[in-house]
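sequence plus the predicted model coming up.
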Amino acid sequence: MTSSARVLALAAVLLTGCDRFWVCDLAEPERVAELPSRLSETGLYADIASGELADGVLAYTPRFPLWSDGADKQRWILLPDGAQIDTSSIDEWSFPDGTKVWKEFSVDGVRIETRLIEKRGPSDEDWVALSYVWSADDRDAIAAPLGELDARETEHDVPGAGECVACHGGRRSYVLGFSAIQLSSAAAPGDVDLSALAEEGRLTAPPAAVPVVPGTPVEVAALGYLHANCSHCHNPNRPARDGPRCFDPQTSYDFTLAIGDLASPANTATYRTVVGSAVKPGEPGDSRVLSFMSRRGFGRQMPPLATNTVDSEAVANIRAWIEALR
């Protein structure tokens with residue numbers, strides 16, 4: 001798809017997709033301008049040339065990743081020295097002032113961008129987001145507050161600072177992939193997980209046990225995918241700050257995996273609010289969730305932003321799950 005076609009497609013989605021869209025408010029430019037202009041100045045690297053990470057930077061991998069058109073991703077977090085994450089609400093962590101989270105995207109071996117969200121104040125609303133596009137020589141990445149289409153001659157689109165809020169602003173915690181549910185699987189070598197954070201005293205109220213998502217492998221895959229890709233929009237507890245986002249998602253649907261709802265698949269919000277409505281048991285062809293997941297381009301698609309390619313593996317998994325609901 002050409003850049004001009006993608007602009008038209010995005011405009012169509014903004015006008016017609018995800019229930020009710022209107023023009024996105026831009027991120028506060030003065031706050032975005034507070035962030036460094038180069039990735040090398042953000043605190044991620046001790047030496048960007050060699051890729052050596054700065055002291056205290058932790059790698060992590062969410063159990064249920066967001067679909068990003070097949071891009072390879074790496075993720076890191078930096079917590080201030082000695083600071084703890086307030087986990088008194090086990091499903092909505094509150095991070096200390098000074099927390100930084102990065103996510104790097106590569107396509108076909110080409111490093112495209114690294115996104116940063118940084119907590120710059122005590123409130124849960126005090127997050128600022130910015131994307132950095134890697135230079136052709138891979139020496140550094142430069143801030144791109146307005147984003148970039150087809151970055152580095154790929155089909156990967158870099159979001160503008162305002163677009164970041166469209167996903168990250170729909171829950172109390174801006175950090176969507178660093179949570180009790182997302183860190184519940186055993187970490188890969190070099191990564192941090194929920195157990196390690198608890199052992200290191202980084203959580204104010206660690207869970208009594210590592211959460212277990214219930215169900216068969218098909219059910220777990222479906223619940224996890226919907227949690228990671230849908231719940232930041234479709235949930236009934238969107239915060240008051242949600243006004244600046246550029247759409248009004250249907251909140252009678254709730255795809256959230258909450259620690260207190262894991263006794264069985266039927267206890268989860270997805271089964272309570274979606275199965276029987278947007279998901280028709282045993283009838284994938286009549287299920288809105290699967291229909292929207294299978295679309296891209298003009299009209300309604302899910303997720304509505306930051307993807308141009310259908311996740312065929314996820315579509316197959318959701319189809320198998322719906323068929324098994326007979």
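Done, it's in.

residues in contact with stretch 206-218?
87, 90, 180-181, 184, 194-195, 197-198, 220, 223-224, 257, 259, 262-265, 267-268, 317, 320-321, 324 (CB atoms under 8 Å, 6 or more residues apart in numbering). To be clear about C-beta, it is placed using only N, CA and C from the backbone, and glycine gets the same treatment.

mind redoing it with 6 Å?
With CB atoms under 6 Å, 6 or more residues apart in numbering as the test, stretch 206-218 has contacts from 90, 180-181, 184, 194, 198, 220, 259, 262, 264-265, 320-321.

kindly export that stretch (C-alpha atoms) in CSV.
Written as CSV, here are the backbone C-alpha positions of stretch 206-218 (Å, rounded to 0.1, in the frame of the first residue of the first chain):
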residue,chain,number,x,y,z
PRO,A,206,3.2,-8.8,45.5
PRO,A,207,0.6,-11.4,44.6
ALA,A,208,0.4,-14.4,46.8
ALA,A,209,1.0,-16.6,43.8
VAL,A,210,1.8,-16.3,40.1
PRO,A,211,-1.5,-15.9,38.3
VAL,A,212,-2.7,-18.8,36.1
VAL,A,213,-4.9,-18.1,33.1
PRO,A,214,-7.6,-20.8,33.1
GLY,A,215,-8.7,-23.1,30.3
THR,A,216,-7.4,-25.3,27.5
PRO,A,217,-4.5,-24.1,25.4
VAL,A,218,-7.0,-22.8,22.8
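
out of the contacts of stretch 206-218, who's the most crowded?
Using other CB atoms under 10 Å as the neighbour test, the contacts of stretch 206-218 are led by Trp321, with 28 neighbours.

is it fair to say it lies in a helix?
Yes: Trp321 sits within a helix when classified using DSSP: H, G, I helix; E, B strand; the rest coil.

three-state assignment of the nearest residue to it once chain neighbours are set aside?
Nearest non-adjacent residue to Trp321, counting by CB to CB, 6 or more residues apart in numbering: Ala222, 3.8 Å away. Put simply, Ala222 is helix when judged by three-state DSSP.

what's Ala222 in contact with, if anything?
Shown in contact with Ala222 (CB under 6 Å, 6+ apart): Asn317, Ile318, Trp321.

next one: phi and psi at the second one?
What that stands for is Ile318. Main-chain torsions, Ile318, degrees, to the nearest 10: phi -70, psi -40.

I'd like the distance between it and Asp47.
Separation of Ile318 from Asp47 (CB to CB, to the nearest Å): 43 Å.

which of those two has more neighbours?
Ile318 (23 against 10).

check what pLDDT that one gets.
What the model reports for Ile318 is a pLDDT of 97.

didn't it look like it was pressed against Arg288?
No: counting by CB atoms under 6 Å, Ile318 does not reach Arg288; the two are 11.5 Å apart.

ranges for the strands of the stretch 1-150 of the chain?
Along the stretch 1-150 of the chain, counting by DSSP state E, counting those that start in this stretch, strands occupy 20-21, 45-47, 52-53, 57-59, 72-78, 100-107, 110-119, 127-134, 141-143.

can you list the weak-confidence ranges in the stretch 151-300 of the chain?
Counting by pLDDT under 70, the stretch 151-300 of the chain has low-confidence residues at 166, 168-172, 235, 237-251, 298-299.

quick one: Ile322 and Arg288 touch, right?
No: using CB under 6 Å, Ile322 makes no contact with Arg288, being 11.0 Å away.

tell me which of these two has more neighbours.
Ranked by neighbour count (other CB under 10 Å), Ile322 and Arg288 place Ile322 first, with 23 against 16.

separation between the more buried one and Ala266?
15 Å.

for Leu58, same thing?
The value you get for Leu58 to Ala266, if CB to CB is used, is 35 Å.

looking at the two, which is more packed in?
Leu58 (19 against 12).

residue contacts, the more buried one?
Ile77, Val192.

again, 7 Å this time
Counting by CB atoms under 7 Å, 6 or more residues apart in numbering, Leu58 touches Trp76, Ile77, Val192.

could you count how many residues lie near the nearest residue to Ser185 once chain neighbours are set aside?
Leaving aside its chain neighbours, Ser185 sits nearest to Arg63 (4.3 Å; criterion: CB to CB, 6+ apart). By other CB under 10 Å, 21 other residues sit near Arg63.

state the pLDDT value of Arg63.
Arg63 is assigned a predicted lDDT (pLDDT) of 97.

ditto for Trp134
pLDDT at Trp134 comes out at 98.

give me the beta-bridge partners of it?
Per DSSP bridges, the residues bridged to Trp134 are Ala141.

shouldn't it be in contact with Ala141?
Yes: counting by CB atoms under 7 Å, Trp134 touches Ala141, with 4.5 Å between them.

now for the two: what residues contact both?
Here Trp134 and Ala141 have Glu113 as joint contacts, going by CB under 7 Å, 6+ apart.

okay, those two: which has more neighbours?
More crowded of Trp134 and Ala141, by other CB under 10 Å: Ala141, with 24 against 21.
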